[in-house]
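Visitor: Please find the sequence and the predicted model below.
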Amino acid sequence: MSADVKTNLKRLLACLGLGVVLALMIGDQEGNQTDFGFAFKAAVFHPRILIFLGIGVLLYLAMTFRPRVAPYLTRAGVRPLAAGTASVVASYGLLNWSDSGNLTNGKLSTLAHGARDTSGISVIGRLFFGSAVPGLYWILFVLAIALAAAAIIVQKSALAWGAAGLSVLAGVWGFVAHEMVRSYLHSPDHSTGAFVALLGYATIASASVTVARTSGSEAATGAFLDRIFGWKPGFPLFVIGTAAALLGTFWASWFSPTDKNTSVFGMSDLFHGYPINGLTSAYLGWLVWVLLVASVVVAGAATWLQHKLLGWASVLVGAVALLISLLSMHNFSRIAADQKFDGAVQAWQNIGTGAWTLCAAFTVLAGAGWMVARKPVDAAADPVSPRPIGSDSLVSPGKSFAFTQAMLVVVLAGALFYPPTATGFWQTVLVTEIGTYVLLAVGLNVVVGWAGLLDLGFIAFYAIGSYTTAYLTDTLPVKPPHWLHLSPLMAIPFAIAICLVAGVALGFPTLRLRGDYLAIVTLGFGEIIRIVAINAKSITNGAQGAFGIPQPVVHLGPLHLKWGQDPLQYWYLLLVFIIVVVMLFRRLENSRLGRAWAAVREDEVAAQATGVNTVRVKLLAFAIGASTSGLAGVFFASQIGYINPDNFVLNNSILVVAYVVFGGMGSLSGAIAGAAVLTWLPEFLKAQVPAEDRQMWIGAVILLMMIFRPAGLLPAKRRAAELSGLDKVYSAETAAVPAGEGM
Amino acid sequence: MTSLSQSPDVTHPPTTDVVYDVRNVTLKFGGVTSLSDVSLHMNRGEILAVIGPNGAGKTSLFNSLTGVYTPQEGSILLAARVGDAQTPVLLDRKFGPFSLERRSRKTHEINHLGVARTFQNIRLFPALTALENVKVGVETRQTSGPISAMLGMPWQRREERESTERAYELLGFVGLTHRANDLAGSLAYGEQRRLEIARALGTEPGVILLDEPAAGTNPAEKRDLADLIRKINVEDNISVLLIEHDMKLVMSIAHRLVVLNFGQKIAEGSPEQIQKNPAVIAAYLGTTDDEDAAAEGGTA
C-alpha cells in the first residue's frame, strides 16, 4: 500500500469519525436509567447517521481537493462572503425573529409557518415566509450565495452585480416582512434575527460589489478595512450614525410597545394633553428633527472636510442632542408612569427601541467628530516618534488606528444604549455574568497576560472583596465598629486595600516559584479562602453566608441615586467600573511597570540583570489584579444581596483563566471580548441545545479556537509575535533589508 | 601575532582605582569546582579581558560577579562608579554570633550598584521593540510608580519622555536608530548584540560586563564592535570586563588580560605579556585557537 493511499485512508477514517462525533453532539439523545448506552445507540444506530457520515465524506473531499480550491479562497470577497453566510445562517436557523408567544416560539422556521397563512399580513410578507413556495427565504439565500460564489470563481462582474442585487433584495424583503409581523402583533420586540439577517445580506452584497470591482486574485481584507476606515477618519462612523438615526426615527417604535407601538411621528399626539414639560413637547414636535439634522450635517461636514474645529462642534452638537433626548425621554416616560399608561410604574419604562437607537446615533455622530478633532499627527511624517505597542494594537497608529477608534465608539454606543432594548433575561445575564466576568478577566489579564504568572486562585480575591463588603455593611456575624458602617460603594476602597494586602500576602511567599508550581500554590490559596469561609462560622456565617447586603446608594450633594432591583441600573454602574479600570490599565500597560512586566515575562534573568526588581514587579501584578477582583467582589455582593462560599469555587477561577486565554492573553480588548463571548455563549445555547449538552458545545468552541487561532480572539501584538514566530509577523520588514546589510 | 595587535589606547590611560576586587573566590556545583581560588582586580577605566578555553569558568566568574551564582568561598568587593565606596557583593547572613548562610546580593541590586552585563546567548525581550528594550533598562533608574502611571501624572509623563529620549540616544550610539520600532526578536544577529549593549548602557553603569560580544559576527561586524567597545570605554568612561574568544579582537582592545583554565587563574598581564606567557601558550594558544574560536562562534 503506497504512502499516499495510506494517508488518504487515514484522513477519510478521521473525517467519518468526526461525523459520528457530530451525530453524538447534535439532536436529542435522551439518556436512560437502565441502559447507559442508550444515547449512543439512539445517535449512531439511526438512519440520520448517514447525514453525518455524508458530512464527513464532504469534509474529506474538501481536505483532499483543498490545493485546487485554495487559490480561489484567497480571492477578494471570500472572507466577507463567508462572514455574511454565517450571519444569515445563524439568523435563519438560530436566532429569534419574534418575542411574541402568540404565533411562534420565535425562530424563523416556526414564525414563517404561522405567518404565511395569517391574513393580517400583506401578501409581500406572506410571500417571503413561503405562502407560494415553502422556504422561499432559504431559496433566495442559496441563490445569492451561489451567484456570489460563481462570480468569485469565474470572475464575471455581471454575476457579482446579480448576487449583490439579490442579496439586497433578500435582506430588505426579510426585514420588511419582519416589520409586517411586528406591526401585526403589536408586540414589543427584542428579537435580533431580522437585524442579523439584514447585516449578513449587507455583508454578502458588499462582498459581491468587491468582487465586481476588483480584478486580479489577491485579497487583503485587513488592508481593505484600513483603507475604508483610514480614508477619512470618522467618515464610516458618520455613515453608521446616520443610518442608525434614520432607523431610529423612521422605523422603530418609540413608546408603549405593548399596546400603542407609537413611532416618533405619533409621539406628539400620544402625549397631547398630558402634562409633559415644554422641552419635551418641543422635542417630540420639532426639536428632534432639528437635532437630528444638525448633528448629521455637522458630523458629515467635519468628517468630509477633516476640519478639527468642526469636529469639536460635532462633539458638542451630539452631546447636546443626546442630553436633550435623554431629558425628554425621562420626562415623557415619567409622565406616562404617573398616568399608569401601559402598565408603567416608573420612569424609563416602555421606551421603545427607536429612542435608544437615536441616542446611540447621536453618540456615534459625536464620536465621528471626536475622531476628527483628535486625529493624530500623521505617523508617516514623523518616522522616529515612539510607537508604543499596546496590547491590542494589532494596529499601529495611522490608518488602522482609525479602525480601532471607530470600533471603540461603536462598542461604547452599543454598551450604553443596547441594553435598555434587550429583554429582562438578557439584562440580568449582562450584569451577573457578562459584566462581572469582564471585570474579573481584565484583572486577571494583568497577572496572567502581562506578568505571565498563572494564577488559578483568582476567585479568592473576589471572595475577599465580597466578604469585606458584607462585613462593612454589617451583615456578617462579626460586627464592624459602629463608625465603620458603610454603604457598599463606600466599601470599595477598603475592599481594594484588603485585596492589595491579600495579593501581596499570597505573592510574597510564592513568587520564587515558577510556572506550574506557582499555579498549584495559587490554586491551593483559592481553596483555602473558600474553606475558611465555610468553616469559620463565627466570622463568615459558614455555608449559609451573608444575607441582606444592602444595595448601593450614592448621596453626593444634590445627587441621590439608589439602586434597586432593575438590572439596568447595575449595568451602568458596572460599565463605569469597567471603563475606569480599562482606562487606568491602558495607561499602565505602556508605562514603566507595563514594560517591566513584559520584561519579566519574556526573560526573568535578563530583566534582573537589567536592574528590574522582579519580586516587586510581580508583587505589583498580583496586587493590582487582586484589587480589580476585589472591586468586582464588592459589586457582586451588593448587587446580588447574599453571598455564600459556593459562589467562589475553583471552577470560577478556571473559567476566568479560560476567558483570558480565549480572548488573547495580554490583550485588554481580548480579555473583554473573551469574557463576553464565553459568558454569553452558554446563555445563548440555552435556546439552541439540550441543557446537558451545553458544556460540550462550549468545549468544542474553545477547542476549535485553540486549534485554529491559538493566540486568542483579539490577540495581543506581543503575544502574537511569540506564538507565530517573529519572522512571520515582521517578514515584510526584515525582507526589506538585504542579508548582511545589518551592520 | 604581535603584528595583529594594536597598542592600547594611550590617550585614556587606566587609573589605578579598583572597580572589582575579587579575592580567593571558589565556586562549586556539587562535586564540580567551577572556580577555584580565583583572585583578580579590575582597575577603573580599563578594558579587562578574561580569556580561556571552553569550560575554563569565564561565564561562572561573570555570574558570580553579578549575583547569579553565590561562590562558597572568597570575597568580592565592588565600587563601580567614580566615588563609590567598596561594597561587598557576597554577604554572610548573621544570626547572633553565628554565620548562618552565605548569600550574594541580588542581581538587580548589583545592577543598581552600577554593573551592567550582556549575555553569551543573547537575552533580549524579543516581543518588545528595540526602543522598549532599552527603555526597560533606562527606567530601572526612575522612580514613578504604578499609581502615577495610571493617573498620568505630569512627573510620570516627564519621566516617560526622558526615558524615550535617552533610549533614542543610546540606540543612536550603537547605530540602531532605524530599527527602534521593530521587535527585538526580528533584528539581525549583530543588531541584537548591539541592542543588548544599548540596554545595558541604559542603566548608566560604571562597569559593563560583555560575555562574548563578538560570537557569531562577521569580520566587518567585529571591527565595528571593537570600535564600539572603545567608544564606550573612552567616551562614557565605563570600565569594560570582556569575555571573548576572538584573540584578534581581544589583543586589539584589551588593556589587560586574565587567563583562566580549569577554574584557575593561570596568567594575568598586558596583551604582550600574555602572548609570551608559556603557561598560556601551553593551555590555550598552544592549541589551535582559531578552530577553538570558530567552534565557539558556531555553537554560541
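Guide: Thanks, I have the structure now. Everything numeric here is computed off the predicted structure, so don't read it as measured data. Numbering: from 1, shown residues only, chains lettered A, B, ... in the order given.
Visitor: domain ranges for the chain?
Guide: Since no chain was named, I'll use chain A. Per automatic domain parsing, the domain ranges recorded for chain A read A:3-29+A:38-64, A:87-219, A:222-421, A:424-657.
Visitor: try again with chain B
Guide: For chain B, the structural domains run B:17-94+B:101-114+B:205-300, B:124-204, going by automatic domain parsing.
Visitor: Please identify the most buried of those domains.
Guide: Stretch with highest mean neighbour count among the domains of chain B: domain B:124-204 (a mean of 21; mean count of other C-beta atoms under 10 Å in any protein chain shown). The C-beta positions use only the backbone N, C-alpha and C, and glycine is treated the same way.
Visitor: so how far is that one from its chain's centroid?
Guide: Remark: domain B:124-204 is offset 19 Å from the chain centroid, using C-alpha atoms, centre = their mean, to the nearest Å.
Visitor: That domain: end-to-end distance?
Guide: One end of domain B:124-204 sits 18 Å from the other (C-alpha to C-alpha, to the nearest Å).
Visitor: For chain B, what is the nearest residue in the stretch 51-200 of chain A?
Guide: Going by C-beta to the nearest C-beta, chain B is nearest to A:Thr74 of the stretch 51-200 of chain A, at 24.8 Å.
Visitor: From A:Lys156, how far out is that residue?
Guide: 19 Å (C-beta to C-beta, to the nearest Å).
Visitor: burial of A:Leu561, as a residue count?
Guide: Look at A:Leu561: counted by other C-beta atoms under 10 Å in any protein chain shown, it has 13 neighbours.
Visitor: secondary structure element for it?
Guide: Here A:Leu561, judged by DSSP states H and E, is contained in strand A:559-562.
Visitor: which secondary structure elements does that strand contact?
Guide: The contact analysis (3 or more C-beta pairs under 8 Å, 6 or more residues apart in numbering or on different chains; DSSP states H and E) places strand A:559-562 against strand A:553-556.
Visitor: now for the strand it packs on, which elements pack on it?
Guide: Applying 3+ C-beta pairs under 8 Å, 6+ apart, we find strand A:553-556 packed against strand A:559-562.
Visitor: Can you verify B:Asp92 is assigned to a strand?
Guide: Yes: B:Asp92 sits within a strand when classified using DSSP: H, G, I helix; E, B strand; the rest coil.
Visitor: That one pairs with what?
Guide: Assessed by DSSP bridges, B:Asp92 has beta-bridge partners B:Arg102.
Visitor: before we move on, the earlier item: can I get the domains of chain A in JSON lines including distance to B:Arg157 and mean pLDDT?
Guide: What follows is these, written out as JSON lines (distance: least, C-beta to C-beta, whole Å; pLDDT from 0 to 100):
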{"stretch": "domain A:3-29+A:38-64", "distance to B:Arg157": "54", "mean pLDDT": "86"}
{"stretch": "domain A:87-219", "distance to B:Arg157": "42", "mean pLDDT": "83"}
{"stretch": "domain A:222-421", "distance to B:Arg157": "13", "mean pLDDT": "81"}
{"stretch": "domain A:424-657", "distance to B:Arg157": "10", "mean pLDDT": "91"}
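Visitor: quick one: contacts for A:Ala596?
Guide: By C-beta atoms under 8 Å, 6 or more residues apart in numbering or on different chains, the contact set of A:Ala596 is A:Ala607, A:Val612, A:Val617, B:Val136, B:Glu139, B:Thr140.
Visitor: Leaving out chain neighbours, which residue sits closest to the second one?
Guide: So that's A:Val612. Leaving aside its sequence neighbours, A:Val612 sits nearest to A:Ala596 (C-beta to C-beta, 6 or more residues apart in numbering or on different chains; 5.0 Å).
Visitor: Figure out the helix or strand that that neighbour lives in.
Guide: Using DSSP H and E, A:Ala596 falls in helix A:592-602.
Visitor: Name the next helix or strand following that helix along the chain.
Guide: Proceeding N to C from helix A:592-602, the next assigned helix or strand is helix A:604-609, under DSSP H and E.
Visitor: So which bits of that following helix are buried?
Guide: Going by neighbour count (16 or more other C-beta atoms under 10 Å in any protein chain shown), the buried part of helix A:604-609 is A:Glu604, A:Ala606, A:Ala607, A:Gln608, A:Ala609.
Visitor: Put together a markdown table for these, with distance to B:Leu171 on each row.
Guide: Formatted as a markdown table, the buried residues of helix A:604-609 follow (distance: C-beta to C-beta, whole Å):
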| residue | distance to B:Leu171 |
| --- | --- |
| A:Glu604 | 24 |
| A:Ala606 | 18 |
| A:Ala607 | 19 |
| A:Gln608 | 23 |
| A:Ala609 | 19 |
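Visitor: Out of those, which comes closest to B:Asp92?
Guide: Nearest to B:Asp92 among the buried residues of helix A:604-609, counting by C-beta to C-beta, is A:Gln608 at 22.0 Å.
Visitor: picking up where we left off before, go through the domains of chain B and name the closest to A:Leu713.
Guide: Among the domains of chain B, the nearest to A:Leu713 by C-beta to C-beta is domain B:124-204 (18.9 Å).
Visitor: now that closest one: mean pLDDT?
Guide: Averaging pLDDT along domain B:124-204 gives 91.
Visitor: hang on, the earlier thing: how close does the residue nearest to A:Val612 sit to A:Asn445?
Guide: Distance, A:Ala596 to A:Asn445, by C-beta to C-beta: 16 Å.
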